[in-house]
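Participant: Provide a 3D model corresponding to the input given below.
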Amino acid sequence: MLADSTVPFSRFTIDVSRCFVPIFAPQRFIALMTTTTANAEWMKELLFEKQQRFEKIKQGGGKKAIERQREKNKLTPRERVAYLCDNDKPFIEIGAFAGYDMYAEQGGCPAGGTVAGMGYVSGRQCIILANDQTVKAGAWFPITGKKNLRMQEIAMENHLPVIYLVDSAGVFLPMQDEIFPDKEHFGRIFRNNARMSAMGITQIAAVMGPCVAGGAYLPIMSDETLMVEGNGSIYLAGPYLVKAAIGEDIDNESLGGAATHTEISGIADYKFKTEQECLDQVKNIIGKLGHKQKAGFDRIETVPPAKTPHEIYDAMPAHNTKPYDVMNIIDCIIDAGSFQAFKQDYGKTIICGYARIDGWAVGIVANQRLIVKTKKGEMQLGGVLYNDSSDKAARFILNCNQKKIPLVFLQDVTGFMVGSRSEYSGIIKDGAKLVNAVANSVVPKITIITGNSFGAGNYAMCGKAYDPRFIYAWPGAKIAVMGGEQAAKTLLQIQTAGREVSPEEQKELLDKIKDRYDKQTTPYYAAARLWVDDIIDPAQTREVISEGINAANHNPEIGDFKVGVFQV
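Facilitator: Take a look at the predicted model:
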């Protein structure tokens, strides 16, 4: 029918739990534990599963690898970021599940071998990238390159300063053909270093471990380079390769250590005895940055949502199998009393309206999951895009661009309506109108996939291909060309075409196809490949949207809104 913990180290203490995608802030955890509905229980199970997986990811290359860091008086990447970031501001981790369940034959690559995200340093919102030396000596896998490019993209789109915490052995050689030569591979990082410099975006590199071969260009193409004595090193070729290439015997520190590059080559700008001193200097540099013009998105004093935080866990039915009112989700996110519906009685399978989130003015485009009835007497299925809802959403997007209001998309979409009635009514034309508006929108777009994200509905509701500034998924999200049941039956028909199949074989084939397909639709599969920036606790939705708009507000350059040939 449809197309579809507190970690002690050295002289300081770091509260890691405060800043790395905490699955629950304490108040969220208490609220969730005291919520007893079936819907909340389902979400609780999903969140505990996510937390268990994340706890394993936080171990990086494992306890032994972390102990080796300790022996060298080195912090883990999460400790470095926690020490660097302001205690009273949020850190939004991005790509925590990058590489999840990938590269099994290579031993895996937790978090893509990099801890990264958006946080505050000396009061300034920044992008932070920290190599994880416990994962294959910080070597770059293909997903590492993709994650680093995504972070640079965020920095360029939002004009945010970038801090690189460097500790990497360079490209992972067994997979060099998948990371080295192409446009979106390793070399693009340094191209972006140059482009960001030309754009006036501050880049600071703190070298806390090896920085080898092509990777040596990253700190040197940054505005300022800091090095830690004894551990930090920068060179195009390490001692072993130098010996093999030219027969020269030289140790690591003499070849490319902090003293060499601050006293002889002049490549680095500062050297420090400890990582803490190095990170303190990064804070000092960032704290002195001049303030620049902003985009001017409207913000007033924030008002708490009308619904309590724990109610968002109850807003969606368990397993997303029943109709529900998306306004129950919206009311948990927006400032109380701020919602103003647009075309409320037309195109009811899409909710459009102006609102405020943490004081920021936003335009919300959300799939309504209730079964609705039009004025003409037609019944419409929730989560489906019809002619009228597509037309309505396209018009609303035009309005938000006209008014310079950021857009928030809440996705729970099963696709566009199909069948002769829809085709005769021009569903493709109206769908194209919506896709055109989304594609050409110039105001910041933030997408939250709360439930289904199927087929062309993913595109029309601003999926990853449509350049959202940030895109997150809830733990129960599903992303695919169509639903698992429909896809499995379609694939079964293709596989069994032209031959006799017994009911038993048919069921076995169907179950096998569905299991494989269902695995590919999970938010973990999507997050592993960076189709989404992260999997978030639903109660974190309001915060990530607010922080995303705050980031976008740093870029004053908003292009002219043009839609080209518009289907009418």
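
Participant: contacting residues for the closest residue to residue 103 other than its chain neighbours?
Facilitator: Excluding its sequence neighbours, the residue lying closest to residue 103 (C-beta to C-beta, 6 or more residues apart in numbering) is residue 109, at 5.0 Å. From N, CA and C alone the C-beta is placed, and that goes for glycine too. Each residue near residue 109 by C-beta atoms under 8 Å, 6 or more residues apart in numbering is listed here: 98-99, 102-103, 135-136, 141, 143-144.

Participant: looking at those residues, which has the most residues close by?
Facilitator: Neighbour counts for these peak at residue 144, which has 29 neighbours (criterion: other C-beta atoms under 10 Å).

Participant: the bottom helix or strand of this protein by mean pLDDT?
Facilitator: Ranked by mean pLDDT, DSSP states H and E, the helix or strand of the chain with the weakest confidence is strand 6-9, at a mean of 33.

Participant: can you pull out the strands in the stretch 51-200 of the chain?
Facilitator: Counting by DSSP state E, counting those that start in this stretch, one finds strands in the stretch 51-200 of the chain at the ranges 92-93, 114-121, 124-131, 162-168.

Participant: now these in JSON lines, with mean neighbour count and distance to residue 250?
Facilitator: Shown next, in JSON lines, are these (neighbours: other C-beta atoms under 10 Å; distance: least, C-beta to C-beta, whole Å):
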{"stretch": "strand 92-93", "mean neighbour count": "23", "distance to residue 250": "39"}
{"stretch": "strand 114-121", "mean neighbour count": "25", "distance to residue 250": "29"}
{"stretch": "strand 124-131", "mean neighbour count": "24", "distance to residue 250": "24"}
{"stretch": "strand 162-168", "mean neighbour count": "27", "distance to residue 250": "21"}
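
Participant: Any chance of those in CSV with mean pLDDT and distance to residue 263 as columns?
Facilitator: Output for those, formatted as CSV (pLDDT from 0 to 100; distance: least, C-beta to C-beta, whole Å):
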stretch, mean pLDDT, distance to residue 263
strand 92-93, 98, 37
strand 114-121, 98, 28
strand 124-131, 97, 25
strand 162-168, 95, 20
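
Participant: Out of those, the one nearest residue 311 is which?
Facilitator: Ranking the strands of the stretch 51-200 of the chain by proximity to residue 311 (C-beta to C-beta) places strand 92-93 first, at 22.6 Å.

Participant: So, low pLDDT: which residues of the stretch 101-250 of the chain?
Facilitator: 173, 214 (pLDDT under 70).

Participant: Tell me where it has helices.
Facilitator: 142-158, 187-198, 217-220, 239-246 (DSSP state H, counting those that start in this stretch).

Participant: and residue 517, how many residues sit next to it?
Facilitator: Neighbours of residue 517 under the rule other C-beta under 10 Å: 19.

Participant: quick one: contacts for the residue lying closest to residue 439 once chain neighbours are set aside?
Facilitator: Nearest residue to residue 439, sequence neighbours excluded (C-beta to C-beta, 6+ apart): residue 466, at 5.8 Å. Contacts of residue 466 were listed using C-beta under 8 Å, 6+ apart, and they are 438-439, 445, 459.

Participant: And the lengthiest helix in the chain, what's buried?
Facilitator: The longest helix of the chain (DSSP state H) is helix 38-58. Within helix 38-58, the residues that count as buried by 16 or more other C-beta atoms under 10 Å are 39-40, 42-44, 46-47, 50-51, 53-54, 57-58.

Participant: Then stretch 520-534?
Facilitator: 521-534.

Participant: C-alpha coordinates for whichever strand or helix holds residue 449, PDB please?
Facilitator: Residue 449 belongs to strand 445-454 when assigned by DSSP states H and E. Output of strand 445-454 as PDB, limited to C-alpha atoms (Å, rounded to 0.1, in the frame of the first residue of the first chain):
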ATOM      1  CA  LYS A 445      17.600  22.400   9.300                       C
ATOM      2  CA  ILE A 446      17.700  20.000  12.200                       C
ATOM      3  CA  THR A 447      16.300  16.500  11.800                       C
ATOM      4  CA  ILE A 448      15.200  14.100  14.600                       C
ATOM      5  CA  ILE A 449      14.200  10.600  13.400                       C
ATOM      6  CA  THR A 450      11.700   9.500  16.200                       C
ATOM      7  CA  GLY A 451      10.300   6.500  14.400                       C
ATOM      8  CA  ASN A 452      10.200   5.300  10.800                       C
ATOM      9  CA  SER A 453      12.100   6.900   8.000                       C
ATOM     10  CA  PHE A 454      11.100   5.000   4.900                       C
END
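
Participant: circling back to that earlier point, of all pairs in the contacts of residue 109, which one spans the longest distance?
Facilitator: Taking C-beta to C-beta, no two of the contacts of residue 109 sit farther apart than 98 and 136, at 14.2 Å.

Participant: hang on, the earlier thing: and which of the buried residues of stretch 520-534 is nearest to residue 288?
Facilitator: Nearest to residue 288 among those, counting by C-beta to C-beta, is residue 533 at 29.5 Å.

Participant: where's the residue nearest to that closest one when sequence neighbours are not counted relative to residue 265, distance?
Facilitator: What sits nearest to residue 533 in space, not counting adjacent residues and going by C-beta to C-beta, 6+ apart, is residue 94, at 4.7 Å. Computed as C-beta to C-beta, to the nearest Å, the residue 94 to residue 265 distance reads 34 Å.

Participant: who's more crowded, these two?
Facilitator: For residue 94 versus residue 265, neighbours defined as other C-beta under 10 Å are more numerous around residue 94 (26 against 12).

Participant: Distance of that one relative to residue 146?
Facilitator: In terms of C-beta to C-beta, residue 94 sits 12 Å off from residue 146.

Participant: if we can go back for a sec, got the helices of the stretch 101-250 of the chain as a markdown table, with distance to residue 344 columns?
Facilitator: A markdown table is the format used below for the helices of the stretch 101-250 of the chain (distance: least, C-beta to C-beta, whole Å):
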| stretch | distance to residue 344 |
| --- | --- |
| helix 142-158 | 33 |
| helix 187-198 | 44 |
| helix 217-220 | 51 |
| helix 239-246 | 67 |
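
Participant: Tell me which of these lies nearest to residue 353.
Facilitator: Of these, nearest to residue 353 by C-beta to C-beta is helix 142-158, at 25.1 Å.

Participant: Pull out the buried residues from that closest one.
Facilitator: Neighbour-count burial for helix 142-158 [16+ other C-beta under 10 Å]: 142-152, 154-158.

Participant: can you check stretch 170-181 too?
Facilitator: Buried residues in stretch 170-181 (16+ other C-beta under 10 Å): 170-172, 175, 178-180.

Participant: These: which two are farthest apart?
Facilitator: 170 and 178, at 14.5 Å, using C-beta to C-beta across these.

Participant: just the helices in the stretch 401-550 of the chain please.
Facilitator: Using DSSP H, counting those that start in this stretch, helices in the stretch 401-550 of the chain cover 420-424, 427-440, 455-460, 484-496, 503-521, 523-528, 541-552.

Participant: Other residues contacting stretch 179-189?
Facilitator: With contact meaning C-beta under 8 Å, 6+ apart, stretch 179-189 is reached by 140-142, 144-146, 148-149, 152, 171-172, 178, 214, 218.

Participant: gap between the two ends of that stretch?
Facilitator: 11 Å (C-alpha to C-alpha, to the nearest Å).

Participant: swap in stretch 533-543?
Facilitator: End-to-end distance of stretch 533-543 (C-alpha to C-alpha): 15 Å.

Participant: Leaving out chain neighbours, which residue sits closest to residue 192?
Facilitator: residue 152 (4.4 Å).

Participant: Settle this for me: that neighbour is touching residue 196, isn't it.
Facilitator: Yes. Between residue 152 and residue 196 there is a contact at 7.0 Å, judged by C-beta atoms under 8 Å.

Participant: Quick check: neighbours shared by the two?
Facilitator: What both residue 152 and residue 196 touch, as defined by C-beta under 8 Å, 6+ apart, is the set residue 162.

Participant: Now do the contacts for the closest residue in space to residue 413 that isn't next to it in sequence.
Facilitator: Closest residue to residue 413 apart from its sequence neighbours, by C-beta to C-beta, 6+ apart: residue 457 at 3.4 Å. Contacts here follow C-beta under 8 Å, 6+ apart; on that basis residue 457 touches 4, 367, 385, 411, 413-416.
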